Every structure is written in structure tokens, then in C-alpha cells.
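Student: Predicted model, plus sequence, below.
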Amino acid sequence: MLDEPPYDLRARVDRLLTAHDPARTSSQEFLRARFDEGLAWVHFPPGAGGLALPREFQPGVDRLLAAAGAPDNDPRRNGIGLGMAAPTILRYGTPAQRRRFLRPLWTGEEVWCQLFSEPGAGSDLAAVATRAVRDGDGWVVNGQKVWTSSAHNARWGILLARTDPDVPKHQGLTYFVCDMTAPGVEVRPLRQLTGEAEFNEVFLTDVRVPDAHRLGREGEGWAVASATLNNERVAIGGGSDAREDGMIGVVAGTWRRRPDLRTAELHGRLTRLWVEAEVLRLAGIRLRQKLAAGQPGPEGAALKVTFARLAQRLTGLELELLGADGLRYGRWPMARPASVDLTGRDAGYRYLRARGNSIEGGTSEILRTIVAERVLGLPAEPRPDKGVPWKDLAR
């Protein structure tokens, strides 16, 4: 198999397990040792948790370690860090930034969040108004961010701020790493339809960010953020390499367990959704290979749009399959969860939570425009603000 580790990679796994027996080693110690052995992301460079090998070998490494009872890094708890911050740091970060951030990010010791969206600039990311003003060897940041997943648990945030209001809006942005424990950072919960508050709004008041925490050059923020968003859309929509994983597995399992609920019409709908899920899985594998080669592209927008639509249709079908049982809702607490477990909760929660899939990570409407213009090559929509300095737009 393509993803079967070569012999020398299997030997490296055996060496890790011998030196750090999972039964006698703490989870954090094992994960740190795994990173240092290059088995965190095998496609990353040596010293950054990898071995510069094809990404296709990672699933085989994961299976060998899981079979030995090795701990994982609970990826759902730090999805933004693993799926968005890490590849961005790898591509745009300095050697010092890679050394500082990647290891505790991968081990889960430091959770990350995304400080992009704003109340006045949700889908139009280039219109962010949060300002970062140069002050000595650092920056002073003021503004407000919203829909910030995991901000209440985060140690670091990837931050997009305006550093030059005198140029067109796409050119005046800079990308930073923000310390979420710094003075002036305030995180407030936003309660959702599910009853929980996994999202937040974040207020930044005279927050100091050292220039050493800038990713990319000053004014290059749009390019860096675009790479992050392309990674995000693949991370959200890419799913798993395993067939019938995720929501399609949940709904198909319900179908198999409950023959009393079956009708020919529901069978036809489930079959069509199963095929769509399989197409999405294969497309996700292809795009993750492009990401591993450092080529995140706009195709991720199509992946994320499809994922959102599929999740909403599957959760709706599940409620129909369950009949009256689908009307039950386990609990509606004001909780601030550390992760989102869509498949491990009840059907009512899944149905409500899936409503947000078409908003988070870029609204489906905006992403369809990206697909039309950047993938299909259709004529761009007229943009009257193109070329206008941000300070003139903000009047």
C-alpha cells in the first residue's frame, strides 16, 4: 500500500516505542519524544516534527503507534493550531518561530485560535479594522474579533490586523501571533443554537505584540491569511482518509441498526449522500497531498462548501430516520467545550450544530464566489472599492 511505512520508518517507530513505552511514559513525554523523532508530521522538515517524507506515509505511522497503545494529541481540541497555524508557521515562520511554536502546538500543550473575523468584516476579511501600530520593537493592537473558536482555551491566536490605512485594503494588512494571556486581551462567550459557547468575541485593548511574533513581511498579511484560509477549508472539509468515517458513518450505522425505519425513498437519499461523501473523501485526500507539497489552493473552497451541505443533509436525514426519537435533545447547557464532537453526541445536537457549518471557515456564499472566479475562471464580480485606500473606505 502507498501509505504503508517503509522499513526504515517502521524501525524509527520501533525505536520510539522501545525508548518510550506508552504503558510507562506520560502522554506529554511520549508526544514530545514522537515530535523529536520526526513522527509528528512526517512530511514536515527535520527539526520541525517531520522527516521530509511523502505525507502518504503518515497514516501508516499513526496505525503502528495506535496499535501499540500510544497516546494521540487530541486533534479536535486544537484543530485550528494543527490545521491552520502549523502549516502557516512552516511556510512563513522564521526558524526561531518554528522552534518556539510547532512542538507545543503539536503536543497539545498550547492551543491556538484564529483572530480574523470582525463584527464589521465577517465575509470580507480584507476589510478588517483592527489596528496594529508600530511602537519600538513591537506593535500595539486595538480592535475586536468575533466567532473565535476555542479562544477561551487558547494560548496563542493567529491575528490579522491593519498596519497601513493609506493603501488599498488588501495591501495594508500584517499577520501576527498574539499571546492570548497578554494584558488587554478579553474573551467573552457567544452562546449558540446548541446551548453551548464554543465561539467567542475577543476584545484587544492596547495589546502589545513583539515584532518577533510577526509572520511574513509587514504588509504581506493578505497573502499569509489566504494561505491560512486555504488550509482551513481543507482542514474543515477534508475529513478522514477512512471510508464511511464521520457523519456518513453515523447515519449509515443508524440505517443498519433500524430496519423498521427504512423506506425506499430514504434508501435512495442515503445512497446518493453516501456517494457524495465518498467523492468528498477522495477529493480531500488529493487536496491534502497538495497541502503537503506546499500548494494550498482555492479548490479547498469547493471542498468546504460540499462538506457543509453534506453535513446538513445527513443530520437532517438522521432525524427523519429516527422518527420521534430524533426530537429528543440530550441537554442544553451553557458550557464552553474544549472541542466539538459532532459524531459523539446525540442526533439533535448534530442537527443544530451542522447549521453553523455553512458559516464557519467562510460562508458558503463567499466560497462559491471563490470557486467561480479562481477555480472555474468565470468573470469576477465588479468591486467598486478595488484600489481605494482603506482610510477612504472607512470614512
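Tutor: Nice, thanks for sending it over.

Student: Break the protein down into its domains, please.
Tutor: As assigned by automatic domain parsing, the chain contains the domains 13-72, 112-219, 224-375.

Student: mind listing what residue 277 touches?
Tutor: Neighbouring residues of residue 277 by Cβ atoms under 8 Å, 6 or more residues apart in numbering: 244, 246-248, 310, 314. For the C-beta atoms, the positions are set from N, CA and C on the backbone; glycine is no exception.

Student: how does it look with 7 Å?
Tutor: Contacts for residue 277 (Cβ atoms under 7 Å, 6 or more residues apart in numbering) come out as 248, 310.

Student: My reading is that it lies in a helix. Confirm?
Tutor: Yes: checked against DSSP: H, G, I helix; E, B strand; the rest coil, residue 277 lies within a helix.

Student: Could you point out which of the domains of the chain sits nearest residue 98?
Tutor: Nearest of the domains of the chain to residue 98, taken as Cβ to Cβ: domain 13-72 at 5.3 Å.

Student: first vs last residue of the closest one, how far apart are they?
Tutor: End-to-end span of domain 13-72 (Cα to Cα, to the nearest Å): 14 Å.

Student: just stretch 163-182 next, same as before
Tutor: Terminal-residue distance, stretch 163-182 (Cα to Cα): 20 Å.

Student: and what of stretch 352-360?
Tutor: One end of stretch 352-360 sits 14 Å from the other (Cα to Cα).

Student: For it, buried residues please.
Tutor: For stretch 352-360, a neighbour-count test (16 or more other Cβ atoms under 10 Å) marks 352-354, 356-358, 360 as buried.

Student: any idea how far it is from the chain center?
Tutor: Between the centre of stretch 352-360 and the centre of its chain there are 14 Å (Cα atoms, centre = their mean, to the nearest Å).

Student: now do stretch 75-92
Tutor: 7 Å.

Student: residues in contact with that stretch?
Tutor: Residues from elsewhere that reach stretch 75-92 (Cβ under 7 Å, 6+ apart): 44, 48, 97-98, 101-102, 105, 108, 111-114, 149-150, 158, 215-216, 224, 227-228, 231-232, 235, 291, 294, 338-341.

Student: Quick one: the domains of the chain as a markdown table, columns for distance to residue 86 and mean pLDDT too.
Tutor: Output for these, formatted as a markdown table (distance: least, Cβ to Cβ, whole Å; pLDDT from 0 to 100):
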| stretch | distance to residue 86 | mean pLDDT |
| --- | --- | --- |
| domain 13-72 | 8 | 95 |
| domain 112-219 | 9 | 94 |
| domain 224-375 | 9 | 82 |
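
Student: Would you tell me which one of these is buried the most?
Tutor: domain 112-219 (a mean of 19; mean count of other Cβ atoms under 10 Å).

Student: Now the terminal residues of that domain, how far apart.
Tutor: 23 Å.

Student: Then stretch 367-378?
Tutor: Stretch 367-378 stretches 14 Å from its first residue to its last (Cα to Cα).

Student: got the contact list for that stretch?
Tutor: Under Cβ under 7 Å, 6+ apart, the answer for stretch 367-378 is 298-299, 301-302, 304-305, 380-381.

Student: what does stretch 28-40 give?
Tutor: Under Cβ under 7 Å, 6+ apart, the answer for stretch 28-40 is 12-13, 16, 20, 22, 46, 49-51, 61, 70-71, 73, 103, 106-107, 109.

Student: same thing but 8 Å
Tutor: 12-13, 15-16, 19-20, 22, 25, 46, 49-51, 61, 65, 70-71, 73, 102-103, 106-109.

Student: so residue 157 bridges to which residues?
Tutor: Beta-bridge pairing of residue 157, defined through DSSP bridges, involves residue 113, residue 178.

Student: right, and it touches residue 200 too?
Tutor: No: using Cβ atoms under 8 Å, residue 157 makes no contact with residue 200, being 10.6 Å away.

Student: Common neighbours of these two, please.
Tutor: Counting by Cβ under 8 Å, 6+ apart, the residues touching both residue 157 and residue 200 are 148, 151.

Student: just to revisit the earlier point, so can I have JSON lines of the contacts of stretch 367-378 showing secondary structure and distance to residue 286?
Tutor: Formatted as JSON lines, the contacts of stretch 367-378 follow (DSSP: H, G, I helix; E, B strand; the rest coil; distance: Cβ to Cβ, whole Å):
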{"residue": "298", "secondary structure": "coil", "distance to residue 286": "14"}
{"residue": "299", "secondary structure": "helix", "distance to residue 286": "9"}
{"residue": "301", "secondary structure": "helix", "distance to residue 286": "15"}
{"residue": "302", "secondary structure": "helix", "distance to residue 286": "12"}
{"residue": "304", "secondary structure": "helix", "distance to residue 286": "15"}
{"residue": "305", "secondary structure": "helix", "distance to residue 286": "16"}
{"residue": "380", "secondary structure": "coil", "distance to residue 286": "26"}
{"residue": "381", "secondary structure": "coil", "distance to residue 286": "28"}
